[in-house]
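Undergrad: One predicted model, sequence on top.
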Amino acid sequence: MPTDTLPTRIIGSRTVSAIGLGAMPLSIEGRPDEPRGIATIHAALDAGITLIDTADAYHLFEGEVGHNERLIAEALATYEGDASQVLVATKGGHLRPGDGSWTQDGSAGHLIAAAEASRAALGVESIGLYQFHRPDPHVQYADSINALKHLLDDGTILMAGLSNVTVEQIDQAMALLDGRVVSVQNRFSPGWRDSMDELRHCADLGIAFLPYSPLGGIGAAAGLGGENAVFQQIADERSVSPQRVALAWELALAPVVIPIPGSSRPETIEDSAKAATFELSEEEMARLNG
């Protein structure tokens, strides 16, 4: 059973922990072996995390599409505690051919087939949350969103979300899905605040905003320096990690924010989870927002 009870937030009809686990590092370049990957997911569950983010494209080699989804399914199946309240959010529409590059396919046919494959990889009857990974410039955006509508209507997915979208695309999807968009997953961190408008728009609409790479991304999370050195300064003053400060800052920006820090070690996700109960003062928030 989880050792801590974390503050919660809402995604559509589901209540989840205020901090999620971004599971991508467990399946791409530099990934740990499977036992450590499963141990990292178990550590997240032990810390009270009930949201796990994945995608069918989180894999390393050609022919292993869905690697991350299958790893999560194995971790949930072997967890000795209660994982019944865990929401797994997966995505479709982004592809990795196996050479380290990323491509896109937002066609309705691909998204519907990809969702079916993700459902099988996760071993579930219906996917809890399915997000369109990235708009495809070669496909009409409405066609991609209508594929989500089909998946919602036939029960393949229970909730629908978006990723890497603008304010205008959020509004268009809301109209096409009759208000059934429940989440937006955009890149956002202390060093990348370009999606602040989308974050605020989600707050106005009551839609969950899930910052991906909330600590700067793989290879950048270990240090928050330069113009973001204030995060390290406050961390030193409070005797915590700068990563905990960064996640607490994001949580304080709006009640709809649910950061999903990536992790490949139990220790790092345990520290990230503690951000959910770490409170920043008004003076500290002013320094961080500056």
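TA: Sure, I can see it.

Undergrad: ok, the helix or strand bottoming out on mean pLDDT in the chain: who's next to it in the sheet?
TA: Across the helices and strands of the chain, the lowest-confidence element by mean pLDDT, DSSP states H and E is strand 94-95, at a mean of 90. If you go by DSSP bridges, strand 94-95 pairs up with strand 103-104 (antiparallel).

Undergrad: rewinding a little: Provide the contact partners of the least confident helix or strand of the chain at residue level.
TA: Strand 94-95 has contacts (CB atoms under 8 Å, 6 or more residues apart in numbering) with Ala55, Ala57, Val65, Trp102, Thr103, Gln104, Asp105, His133, Arg134. C-betas here are computed from N, CA, C, even on glycine.

Undergrad: If you count neighbours, what's buried in stretch 131-143?
TA: Gln131, Phe132, His133, Arg134, Pro135, Asp136, Val139, Tyr141 (16 or more other CB atoms under 10 Å).

Undergrad: And for stretch 142-160?
TA: 144-149, 151-152, 156-160.

Undergrad: which stretches of the protein form strands?
TA: Here the chain has its strands, by DSSP state E, at 8-11, 14-17, 21-22, 51-53, 87-92, 94-95, 103-104, 129-132, 160-163, 181-185, 208-209.

Undergrad: Can you report how many residues neighbour the closest residue to Ala235 other than its chain neighbours?
TA: Nearest residue to Ala235 in three dimensions, chain neighbours excluded: Pro242, at 4.1 Å (CB to CB, 6 or more residues apart in numbering). Neighbour count of Pro242, defined by other CB atoms under 10 Å: 23.

Undergrad: ok, Pro242 to Pro211 distance?
TA: 16 Å (CB to CB, to the nearest Å).

Undergrad: now swap in Leu288 and tell me
TA: From Leu288 over to Pro211 (counting by CB to CB), the distance is 14 Å.

Undergrad: tell me which of the buried residues of stretch 142-160 is nearest to Ala18?
TA: Nearest to Ala18 among these: Met159, at 18.0 Å, using CB to CB.

Undergrad: The closest one and Ser183 touch, don't they?
TA: Yes - look at Met159 against Ser183 with CB atoms under 8 Å: they come within range, at 7.5 Å.

Undergrad: what do these two both touch?
TA: With CB under 8 Å, 6+ apart as the test, Met159 and Ser183 both reach Ile11, Gly12, Leu129.

Undergrad: Just put the residues you listed in a markdown table and tack on distance to Asp197.
TA: Formatted as a markdown table, these follow (distance: CB to CB, whole Å):
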| residue | distance to Asp197 |
| --- | --- |
| Ile11 | 21 |
| Gly12 | 22 |
| Leu129 | 23 |
